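J.: coordinates only, sequence not included:
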């Protein structure tokens, strides 16, 4: 074959591949570094695949071992085989699996450590540990890596344990924390026992900050599809492992995980911001509040028109933002959990003496939208975004910070979307569709949800719906913040990526594209490889010339 014809055929072939890989550059998932749905294994089979499910010599709780369930680790007359749960499906069957992206229970088997049903209590300073460790995987060549899982981590509102997600790059000799949660009474109980205060010890490296909205160190639990970024130290390493573990579980609740994936993909979100709201100036006028009866959405603290607290328990003001309230009354954040300051704390603690974890919120101290459960179980409040034109969106996503306690059985908290300007709504998330519990420490996390129902629609409304009341203690609430609607808009709709030409001459290949600002060209020998390499000299350019070698090459454009 003559050289000009060979070059033309090669250019045509590469043009086809480029169009394909560019179109998928933001949607395609590289081959996962690790994935496990637990469907084809039992506990022994998971260990045979290279997982480590173990405990140390100090662990005494009988039944807190990590297992693939069902079946469960132990079952006695006093301790049922399955974890307790407050939620059931439409037929009344209990929901035992952890929630996925939309809050619906995963199916089949899953991984669980159930400290609640276990016998005994591994208290503070017992040094007890129960863990599940993944097989090793490689992050060589990666600029980022993420842990994803359907997760239900239930914190005890008066508990004392630590749960940690960590990474190791030395085959488990040392661990780098990725996420930690501390049960709220660990501080008080450790002070009572040892006389130390809010040091956190070597284990946690300091307790969570009040009102920090931290995604890496919290007082709270996890409920939904969970996304945690691996630390920078774990990147470009050949032998990486991830561990989830209980430390001194002290008759805690449970850790349940399913559909674990580790890859180089961030949580699902679009590149184009359509709407962003942090409620810094209250709830905007363009957002619509509706109330069937009673409580409505507001910004904390919830007060009536005279400035008085909206809810009272035995004539004592109620405010779920106990951190803000304590500070407003002159109590320093650092003193809120200090037993020596109990007199000050009791003034603002609706439950009286002691530190109730329902009120130690990760969003406390900041501005956010909140709906607090009132006295009537028939209450229903909605909060709607403005109508959005997403007709040029190929894909649509919503993400938001969420903190919630469901205190009463009437509580139902969900997110909906309407594609017809509010005439009809479809549910896209629920807090009531999977393994979960009521009245414990809050769940706090950032939810990321893909919403294909909204793509290419021109009158889209998102709705946060809170139903039910809390007649006994008024402890239930739902707070949301940092709401974002993002999209991947159609090519050309906002200067998006577009391959304009591919040409070959001799051993050289020239690629050109539009939308050069911020773009980067990458190259790989495989379409499914996680190891895409940057093409030198392509950053911010509109073309690049490469030398053609004998191996197959795939190219893609990305927005870093």
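T.: Cool, the structure landed. As the structure is a prediction and not an experimental result, all values here were calculated from the model.

J.: For the rest of this, base every contact and every neighbour count on C-alpha atoms.
T.: Will do.

J.: per-residue confidence at the closest residue to residue 287 other than its chain neighbours?
T.: Distance criterion Cα to Cα, 6 or more residues apart in numbering; nearest residue to residue 287, sequence neighbours excluded, is residue 385 at 4.9 Å. Reported pLDDT at residue 385 in the predicted model: 98.

J.: any idea how far residue 385 lies from residue 422?
T.: Distance, residue 385 to residue 422, by Cα to Cα, to the nearest Å: 10 Å.

J.: Compare the two and say which one has the larger neighbour count.
T.: Between residue 385 and residue 422, counting by other Cα atoms under 10 Å, residue 385 is the more crowded of the two (20 against 15).

J.: Surely the more buried one and residue 289 touch.
T.: No: contact criterion Cα atoms under 8 Å: residue 385 and residue 289 do not qualify, at 9.2 Å.

J.: quick one on the thing from earlier: any common contacting residues for residue 385 and residue 422?
T.: residue 461 (Cα atoms under 8 Å, 6 or more residues apart in numbering).

J.: tell me, what residue is most central in this protein?
T.: Nearest to the mean C-alpha position of the chain, by Cα atoms, centre = their mean, lies residue 226 at 3.5 Å.

J.: So in terms of bridging, what pairs with that residue?
T.: Taking DSSP bridges as the rule, residue 226 bridges to residue 149.

J.: I'd guessed it sits against residue 146; true?
T.: No: here residue 226 does not reach residue 146: they are 10.0 Å apart, not a contact under Cα under 8 Å.

J.: Am I right that residue 279 is in contact with residue 400?
T.: No: applying Cα under 8 Å as the test, residue 279 and residue 400 come out as separate, 11.9 Å apart.

J.: Find residues that contact each of the two.
T.: Counting by Cα under 8 Å, 6+ apart, the shared contacts of residue 279 and residue 400 are 481, 482.

J.: So what's the residue count around residue 480?
T.: Residue neighbour count, defined by other Cα under 10 Å, stands at 22 for residue 480.

J.: try residue 173
T.: 7.

J.: likewise the one 3 residues further on?
T.: Neighbourhood size, residue 176 [other Cα under 10 Å]: 18.

J.: correct me, but it touches residue 203?
T.: No: using Cα under 8 Å, residue 176 is not in contact with residue 203, being 11.2 Å away.

J.: so what pLDDT did residue 381 get?
T.: 93.

J.: ugh, typo on my part, it should be residue 72
T.: The score at residue 72 is 79. That number is its pLDDT.

J.: Which residue is the nearest non-sequential neighbour of it?
T.: By the measure of Cα to Cα, 6+ apart, the closest residue to residue 72 outside its immediate chain neighbours is residue 81, 5.7 Å from it.

J.: got it, and residue 178?
T.: residue 166 (4.9 Å).

J.: Name the SS class of the one you found, please.
T.: Under the three-state scheme (DSSP: H, G, I helix; E, B strand; the rest coil), residue 166 adopts strand.

J.: Which of the helices or strands spans residue 458?
T.: Using DSSP states H and E, residue 458 maps to neither a helix nor a strand.

J.: Could you count how many residues lie near the closest residue to it other than its chain neighbours?
T.: Nearest-residue entry for residue 458: residue 389, 4.0 Å, with adjacent residues in sequence omitted and distances by Cα to Cα, 6+ apart. Residue 389 is flanked by 17 other residues according to other Cα under 10 Å.

J.: so where do the strands sit in the stretch 51-200 of the chain?
T.: 52-55, 67-69, 110-114, 129-133, 146-154, 162-168, 176-182 (DSSP state E, counting those that start in this stretch).

J.: Give me the phi and psi for residue 360.
T.: With angles defined as degrees, to the nearest 10, residue 360 sits at phi -100, psi 80.

J.: Go ahead and confirm it touches residue 219.
T.: Yes: judged on Cα under 8 Å, residue 360 makes contact with residue 219 at a distance of 7.1 Å.

J.: Of those two, which one has the most company?
T.: The residue with more neighbours, out of residue 360 and residue 219, is residue 219; 29 against 24, by other Cα under 10 Å.

J.: Helices of the chain, start to end?
T.: Here the chain has its helices, by DSSP state H, at 3-24, 43-48, 186-194, 201-204, 322-328, 342-348.

J.: and the closest residue to residue 147 other than its chain neighbours, how many neighbours does it have?
T.: Among residues not flanking residue 147 along the chain, residue 262 sits closest, at 4.6 Å (Cα to Cα, 6+ apart). Using other Cα under 10 Å, residue 262 has 23 neighbouring residues.

J.: May I have the beta-bridge partners of residue 262?
T.: Partner residues in beta bridges with residue 262, using DSSP bridges, are residue 34, residue 147.

J.: So for it, what pLDDT did the model give?
T.: Looking at residue 262, the pLDDT reads 98.

J.: Then residue 6?
T.: 45.

J.: for residue 498, same thing?
T.: On pLDDT, residue 498 comes in at 58.

J.: ok so, going back, residue 488 versus the residue nearest to residue 458, what's the distance?
T.: Distance from residue 389 to residue 488, by Cα to Cα: 13 Å.

J.: Around residue 547, count how many other residues there are.
T.: As a burial measure, residue 547 scores 11 neighbours (other Cα under 10 Å).

J.: Could you find the closest non-adjacent residue to it?
T.: According to Cα to Cα, 6+ apart, the nearest residue to residue 547 is residue 508 (4.5 Å).
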